[in-house]
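J.: Here's my sequence, what's the structure:
(chains A and B)
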Amino acid sequence: MRSLIALAVTAAFTASFAQAQPKPPPAWHQGKGAKMADSKLAPHAGKMTETAASDIPVKNLKLPRGFKAELWASGLPGGRSMTASADGKKLYLGTRIIGRVYEVTDEGSKRTVRVVVDKLTQPSGVAVNKGSLYVFAIDKVLRYDNIASNPNAQPVDMTKAFDLPPEQHHNWKYIAFGPDGKLYVPFGAPCNICEPPTKEYAQIRRYNADGSGKEIIATGVRNTQGFDWHPKTRELWFSDHGRDWAGDNGPQDELNRLAKPGGNYGFPYCHANGIVDPDIKKADACKGVTRPVALMGPHAAAMGVKFYTGKMFPAEYQNTMFVVRKGSWNRTKPMGFDVVNVRVDGEGKASMKPFLTGFQQGAEGYNFWGRPAYVHQMADGSLLVSDEQVGAIYRISYSAPKVAVKK
Amino acid sequence: MRFLLRKGRWAFLLTALFSLPCFSQRIPACEACHGPGGNSTTALIPSIAGQPKLFMENQLVLFREGIRKSPVMNPQMQGIADREIQQLAEHFSKQAVKVVSAGSADPALMKKGSELAKKLRCGICHLSDFSGQKQMPRLAGQREEYLESEMRAYRANQRPETAMNAALYGVKDDEIRALAHFLSRSAPGPTSR
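T.: Numbering: from 1, shown residues only, chains lettered A, B, ... in the order given. Take a look at the predicted model:
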């Protein structure tokens, strides 16, 4: 038996070298200068097995007064972006490395989880439109019609219609349907910092639901992993990750506003509030570049962006944004690991306040137990927060604190 | 305990009884190839004794999901629950490392491998004694030909992308051979961390 297996391994080993074609090094490594050669910084390890509910320290989470966090669902290794069926009873989550899309069914007192599809290459983009679930992997687009009522729905392969470029890096996606009924899809820069190899990258596109009508609506976008539309102006707001290996303090992640299609957001020449790239240079690097509305912190990994329109939270939260910062790796001290609330005043000036914290202990070394990734607003106005590290979802609710009565 | 009074309690108890020893029943199957205590005596089959727990958990999930390709491990892992993967990883992470049949060291290859390990900064992630940590495997005392085959696979982008694809970009065949020779003969560090 053992020698048979050894034989099979040897055969696979030999076969694999016949087709060995060395490719350039992975993209996250690019731009790491000689000065940083000894840096111990590297992307954090994900966890791919289920974390038991009892091992998730929800009690460590901190919120403003009156808000409460509870564990809403678990057993979702790698779960990140969330989208719900029209009736809100089913929630779908995309993942990256583990290759799955989950369905969470809300049964009131508890939640059940099933895997809709697995073995895909980083199927992180999920969106529901008219009862159909869209799944975007790096190299595949699948559509599941009427999935909420037909759990065995077979997927329609939509890959051809969407013209996906081949590079993997930063092409794991967040996707969403806009108020115009179009499907918005980002195509990240396939590197940490580079001139993109072709014109298919570092941009946001929109399509009709069937993949026709492709339109590039923003360029110079390095890696957006979250966006939403302002409830009143209907403008698109999106997060964008700043480049790595340019120091602990920047360039910062961005929160951007797209007033009309066609904006250039600077990558690879100009970052954040007008920081010229030290490696990829051109004259007037920041000329014509749309500046961010807010800076989200260096290496903070600003992910999900959601405007709050629910009735549960106090009125001051109405139409403000929740932005999730999954947390840094390319920085000596931790940054992010929280959900912040962003408000923009009448003059367009943004301010940011911590909302959900407690995933990371201390400000010096990396000591985190969870990494928040996305937010989703429920029909009752409560907020779901996904945690990609422990594969869980927390529900944030609010009830007005009782006013102490003086006797 | 109230749930025990409900209908179907016997089914629950029976399931619990039969699922308890499951992970330990799988150990002989692992050891059939990976050797007693996870110290492999077979060419191209890695030693799994004393490997970091998270490293083994993640690799076993990748095998089960078919994301890391292996004609042997992909079918082996079918239907194995996360809980069992965690238990198996925990078990083998605690087994003592025994270097099996490393063969005699070639001084020139040892010197070249040691210098390359410094130059390529293997110790930054795999620790200075190459005993591994978190998602990064123990290299010290691993089988020589296995280390060589996996380094070549990383270089050819045939394993799921990690820092290793970059670390081995442009490293030549004779350099990979020297690294494997040196690392396989390095004294393994602590067996669990």
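J.: Would you mark the buried spots in stretch B:160-167?
T.: B:160-167 (16 or more other CB atoms under 10 Å in any protein chain shown). From N, CA and C alone the C-beta is placed, and that goes for glycine too.
J.: In contact with the closest residue to residue B:136 other than its chain neighbours, which residues?
T.: Among residues not flanking residue B:136 along the chain, residue B:125 sits closest, at 4.9 Å (CB to CB, 6 or more residues apart in numbering or on different chains). Residues near residue B:125 by CB atoms under 8 Å, 6 or more residues apart in numbering or on different chains: A:40, A:42, B:133, B:136, B:163.
J.: Give me the buried entries from these.
T.: A:42, B:133, B:136, B:163.
J.: Next, give phi and psi for the last one.
T.: Translated: residue B:163. With angles defined as degrees, to the nearest 10, residue B:163 sits at phi -60, psi -20.
J.: Now it. Nearest residue, chain neighbours left out?
T.: residue A:42 (5.6 Å).
J.: Work out for me the element residue B:178 sits within.
T.: Using DSSP states H and E, residue B:178 falls within helix B:173-184.
J.: What helices and strands are in contact with that helix?
T.: helix B:107-119, helix B:144-155 (3 or more CB pairs under 8 Å, 6 or more residues apart in numbering or on different chains; DSSP states H and E).
J.: Quick one: residues in contact with stretch A:247-255.
T.: A:237-243, A:265, A:271-273, A:275, A:292-302, A:305, A:321, A:323, A:325, A:331-333, A:342, A:350.
J.: pLDDT, secondary structure and distance to residue A:361 for the buried ones among the contacts of residue B:125 - can I get that in a markdown table?
T.: Shown next, in a markdown table, are the buried ones among the contacts of residue B:125 (pLDDT from 0 to 100; DSSP: H, G, I helix; E, B strand; the rest coil; distance: CB to CB, whole Å):
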| residue | pLDDT | secondary structure | distance to residue A:361 |
| --- | --- | --- | --- |
| A:42 | 78 | coil | 21 |
| B:133 | 90 | strand | 20 |
| B:136 | 92 | strand | 23 |
| B:163 | 77 | helix | 26 |
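J.: Please enumerate the strands of the stretch 151-300 of chain A.
T.: Using DSSP state E, counting those that start in this stretch, the strands of the stretch 151-300 of chain A run over residues A:156-157, A:176-177, A:183-187, A:203-207, A:215-219, A:227-229, A:236-240, A:252-258, A:263-264, A:270-271, A:275-276, A:294-298.
J.: so which of those strands gets nearest residue A:126?
T.: Closest to residue A:126 of those, according to CB to CB: strand A:176-177, at 9.3 Å.
J.: and the residue nearest to residue B:136, helix, strand or coil?
T.: Three-state call for residue B:125 (DSSP: H, G, I helix; E, B strand; the rest coil): helix.
J.: about what we covered before: will you turn the contacts of residue B:125 into TSV that also has distance to residue B:152?
T.: Converted to TSV, the contacts of residue B:125 look like this (distance: CB to CB, whole Å):
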residue	distance to residue B:152
A:40	26
A:42	22
B:133	24
B:136	18
B:163	17
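J.: now, the most widely separated pair of those?
T.: Greatest spatial distance in the contacts of residue B:125: B:133 and B:163, 13.2 Å, computed using CB to CB.
J.: who does residue A:227 bridge with?
T.: On the basis of DSSP bridges, residue A:227 is bridged to residue A:238.
J.: what's around it, how many residues?
T.: The number of residues packed near residue A:227 is 24, by other CB atoms under 10 Å in any protein chain shown.
J.: That one reaches residue A:239, doesn't it?
T.: Yes - contact status for residue A:227 versus residue A:239: in contact at 7.2 Å, counting by CB atoms under 8 Å.
J.: what about chain A, any weak spots by pLDDT?
T.: Chain A contains residues with pLDDT under 70 at A:1-30, A:404-407.
J.: For residue A:70, give me phi and psi.
T.: With angles defined as degrees, to the nearest 10, residue A:70 sits at phi -140, psi 160.
J.: any idea how far it lies from residue A:82?
T.: Going from residue A:70 to residue A:82 by CB to CB, to the nearest Å gives 16 Å.
J.: These two: which has the busier surroundings?
T.: Each of residue A:70 and residue A:82 has its neighbours counted (other CB under 10 Å); residue A:82 has more, 23 against 11.
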